[in-house]
Structures are given as structure tokens and as C-alpha cells.
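Q: build the 3D model from these lines:
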Amino acid sequence: MNPAQQSLLPYVQYRCVVGSKAYGLNRSSSDTDRRGFYLPPPERDWSLFPPPEQLEDRETDECYWEVGKFVRIALKGNPNLLEAMHSPIVELSTPIAEELLSIRSSFFSQKVHDTYRGYADAQFRKLINGVANHGQPNWKHAMHLLRLLIQGEQLVRTGILVTEVGEHRELLLSVRDGLLTMEQFTMHKERLESLFDASIRRSVLPEEPDYGMADAFLINARRTALAME
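A: Below you'll find the predicted structure:
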């Protein structure tokens, strides 16, 4: 992270742990991945030099989106941001962040079917390329592909996003350890896709997220930043 980005770290409003530790899939060697959002000071929004859309440090596996960017991406049903708002491991949550978390379900919509399936499909293409180029897939990516399908199906069916994998842990770890053949893995994938597609047809989620509620939060966050000056 460059010095300009580091100077904005004090404006981080929400920081949580995501990835394997949030999913309950971690081992002693697992990294700690952190995500969240920051609220830049008003003068940065007014300046010719606007704040960066995200503060990212690849060495420490940290990424914080500018609050407006965070809201816009989450409204599209992005799995990474929806999961960040539902992480069981929260390290920092200011009153502004608490306001966002109190309306996090308003970001849910049937769009998540396309986004979760899209992420899973992209991962599967990478797996196939891995087999073609290296003789075997990246089993960690294969594990997360199934996890996305499991969590996405549960979300559209129940309206609840649970990041911890629970009863699916053993299956997912066996995939990561390469204990399944590619054919066995593909069978699980196709079964989960069928469940996901069936669930979206009777989903409890609205067709669109609540843009009005998200917009009201964002406006209030900007006003709060102005009042703090």
C-alpha cells in the first residue's frame, strides 16, 4: 500500500475477516484476509484528486472499498461484499458501519443467482484450463466453487446468508485435499447447480435490492463525514 493510501487508513469504518477463517475452513497455515470500507474526508470528494476506489495491501491481504463503491458493488449482488457484511469475525465497526449492517439484508435480491453462478462458472473454466495445462485442477479453487453454490442456494431459498459452511465442511475439505476425482467433483457441482436453479424459481428474495434504503444510508454517511470536519 502506497503512502497516499496509508494516510486514509484512519478513515476505515468497517474491518472484518473473510476467507477460510470466516467460512470455518481454515487450518493452521491459513492466511488472515481482511475486508471492509472507508469513508473519506469530504475534501477528498470535492477535490480534483478524488479518493481511490479501494485501499489494498496484497502483502497483508487487506482491502477496503470507498463507501460509495462498496454500496454500488454490493447492490449488484457481489458475493465478496455480501459475505463481508455477514462475516462472523468483525474487528472494527463504527456507528456508520453498524448502520450499514442493520440494513444489510436490503442488498439481497434475485441478482445473487446470476452473480454467484457467474463466479462459480468462471472458477470452473479455470479448473478446466488447469487440467489442460497442468494435468490437474487447483483443488482449493474447486472447493470455493462448491462453497459459492452452497451459500448462494441457501441465500435464495431462505433469504439468509450464512458464511460458515457448517455440515458441508468435510465435503469441502475433502475437495481441497484432492480426495475426489474430477468426475466426482463435477457430479457434486452439477447437483448443487440444479438445486440452485430450482431454488431461484421459488426464491423468497425480491427481484431487486432496496436501492432507496442503500441510498439513504450513503447520503447519511456523507453527511456524517461532513459533520465530523
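
Q: leaving out chain neighbours, which residue sits closest to residue 69?
A: residue 53 (4.6 Å; C-beta to C-beta, 6 or more residues apart in numbering). Backbone N, C-alpha and C define where each C-beta goes, glycine included.

Q: and for residue 113?
A: Residue 113 sits nearest to residue 200 (C-beta to C-beta, 6+ apart), 4.3 Å away.

Q: how many other residues sit next to that neighbour?
A: As a burial measure, residue 200 scores 20 neighbours (other C-beta atoms under 10 Å).

Q: and for the one 3 residues further on?
A: A total of 19 residues lie near residue 203 under the criterion other C-beta under 10 Å.

Q: ok, so what distance separates the residue lying closest to it once chain neighbours are set aside from residue 210?
A: Of all residues not flanking residue 203 in the chain, residue 156 sits nearest, at 4.3 Å (C-beta to C-beta, 6+ apart). Residue 156 is 17 Å from residue 210, where distance means C-beta to C-beta, to the nearest Å.

Q: more neighbours, these two?
A: residue 156 (23 against 16).

Q: buried ones in the helix ranked longest in the chain?
A: Determined from DSSP state H, the single longest helix within the chain is helix 111-134. Buried residues in helix 111-134, defined by neighbour count with 16 or more other C-beta atoms under 10 Å: 111, 112, 113, 115, 116, 117, 119, 120, 123, 124, 127, 130.

Q: please apply the same query to stretch 36-48.
A: 36, 37, 38, 39, 40, 41.

Q: pLDDT weak spots in this structure?
A: 229 (pLDDT under 70).

Q: tell me where it has strands.
A: 12-18, 33-38, 54-57, 62-66, 90-93 (DSSP state E).

Q: the fourth one packs against which elements?
A: In this structure, strand 62-66 packs against strand 33-38, strand 54-57, with contacts taken as 3 or more C-beta pairs under 8 Å, 6 or more residues apart in numbering; DSSP states H and E.

Q: tilt between that strand and strand 12-18?
A: Per axes from the mean of the first three to the mean of the last three C-alpha atoms, to 10 degrees, the angle that strand 62-66 makes with strand 12-18 is 140 degrees.

Q: contact partners of strand 62-66?
A: Outside strand 62-66, the residues that touch it by C-beta atoms under 8 Å, 6 or more residues apart in numbering are 1, 9, 12, 15, 33-38, 40, 51-57, 73, 81.

Q: please list only the buried members of these.
A: If we count by 16+ other C-beta under 10 Å, those have these buried: 1, 12, 15, 33-38, 40, 51-52, 54-55, 73, 81.

Q: between those residues, which is nearest residue 141?
A: The closest of the buried ones among the contacts of strand 62-66 to residue 141 turns out to be residue 33 (C-beta to C-beta; 15.1 Å).

Q: identify the bridge partners of that closest one.
A: Following DSSP bridges, residue 33 is listed with bridge partners residue 18.

Q: OK, contacts around it?
A: 17, 18, 19, 20, 21, 61, 62.

Q: residue 56 and residue 141: what is the separation?
A: From residue 56 to residue 141 the distance is 21 Å (C-beta to C-beta).

Q: my error: substitute residue 80 in the last question.
A: From residue 80 to residue 141 the distance is 15 Å (C-beta to C-beta).

Q: swap in residue 225?
A: Counting by C-beta to C-beta, the gap from residue 225 to residue 141 is 38 Å.

Q: center of this structure, which residue is that?
A: With distances taken as C-alpha atoms, centre = their mean, residue 80 lies nearest the centre of the chain, 1.3 Å away.
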